[in-house]
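*Asks:* one predicted model, sequence on top.
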Amino acid sequence: MNTNIKTQMSIFTTCILITFVICYFWRMDFEILHTERLLLRKSSIEEFHYIFKHYTDEELKAFFGLTTDEELQKEKDKYTNGYTSYNRSFLLFHLIDKATQQNIGACGFHNWFAMHSRSEIGYHLRHDVFKQKGFMKEALQAIIAYGFNNMNLNRIEAVISPKNEPSLKLAKHYNFKEEGLLKEHYCVDGVPEDSVIFGLLKKEYAA
């Protein structure tokens, strides 16, 4: 087959695949933030109610970027046990790589106390191959701005392991101020470990 024809067919196939993925994931009217390399797909509790009710297991895996049944079960358990309570909620953004349409991680707000205009921010990339490429730094800029400007937050907190140097550097890059050490604050494999608490106030944030 002619090389040019092969190339054209490859491009056509890729376009069809990307179109399918876009149509598939945007069955709901998800709010999308755009950065240079990422689509940040917002998911609140309302969207989660819909997808867990209507999506098949394979669709849920694709939506969350999961590869195993064990990972899927953990997400189901989180949903079943309750993401929210009467006075706090969450708001999550999935990081979609524009080049591949792949879900590469998540960043968002949990322990969101709307009545107090504050929330804790958390983030992760799904695999090491996505790290050290600036994806989370890129996403955080848009998501922090969304928290202050769209969620009316006055304070954003970050709770980070003292051993997690990349996350510590990322928080400091966005002007989070270190406020103290929480002794034996969380458990890793059943072992209590410390956390560093950071805070960022809206009046101190430079968008």
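*Replies:* All right, it came through fine.
*Asks:* in the sheet, who's paired with residue 96?
*Replies:* residue 39, residue 103 (DSSP bridges).
*Asks:* residues near it, how many?
*Replies:* Neighbours of residue 96 under the rule other C-beta atoms under 10 Å: 22. Heads up, the C-betas are built off the backbone N, CA and C, glycines and all.
*Asks:* that one against residue 40, yeah?
*Replies:* Yes: contact criterion C-beta atoms under 8 Å: residue 96 and residue 40 qualify, at 7.5 Å.
*Asks:* could you list the low-pLDDT ranges of the chain?
*Replies:* The model of the chain has pLDDT under 70 over residues 1-28, 81-87, 206-207.
*Asks:* all strands of it, in order?
*Replies:* For the chain, applying DSSP state E gives strands covering 32-34, 38-43, 89-97, 103-113, 118-125, 155-160, 177-188, 191-201.
*Asks:* so which elements touch the fifth one?
*Replies:* Counting by 3 or more C-beta pairs under 8 Å, 6 or more residues apart in numbering; DSSP states H and E, the packing neighbours recorded for strand 118-125 are strand 103-113, helix 135-149, strand 155-160.
*Asks:* now mean neighbour count and distance to residue 127 too, for those, in CSV please.
*Replies:* Listed next are the helices and strands packed on strand 118-125 as CSV, based on neighbours: other C-beta atoms under 10 Å; distance: least, C-beta to C-beta, whole Å:
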stretch, mean neighbour count, distance to residue 127
strand 103-113, 20, 8
helix 135-149, 19, 11
strand 155-160, 20, 20
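*Asks:* adding distance to residue 175 as columns, could you present these in JSON lines?
*Replies:* Shown next, in JSON lines, are the helices and strands packed on strand 118-125 (distance: least, C-beta to C-beta, whole Å):
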{"stretch": "strand 103-113", "distance to residue 175": "17"}
{"stretch": "helix 135-149", "distance to residue 175": "9"}
{"stretch": "strand 155-160", "distance to residue 175": "11"}
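*Asks:* tell me which of those sits nearest to residue 205.
*Replies:* With C-beta to C-beta as the measure, helix 135-149 is the member of these nearest residue 205 (6.0 Å).
*Asks:* and the gap between residue 147 and residue 169?
*Replies:* Going from residue 147 to residue 169 by C-beta to C-beta, to the nearest Å gives 20 Å.
*Asks:* reformat the strands of the chain as TSV; add distance to residue 77.
*Replies:* Compiled in TSV, the strands of the chain are given as follows (distance: least, C-beta to C-beta, whole Å):
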stretch	distance to residue 77
strand 32-34	28
strand 38-43	17
strand 89-97	15
strand 103-113	16
strand 118-125	17
strand 155-160	22
strand 177-188	17
strand 191-201	22
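*Asks:* tell me which of the ones you listed sits nearest to residue 72.
*Replies:* strand 103-113 (13.2 Å).
*Asks:* what's the closest one packed up against?
*Replies:* By 3+ C-beta pairs under 8 Å, 6+ apart, strand 103-113 packs against helix 57-64, strand 89-97, strand 118-125, helix 135-149.
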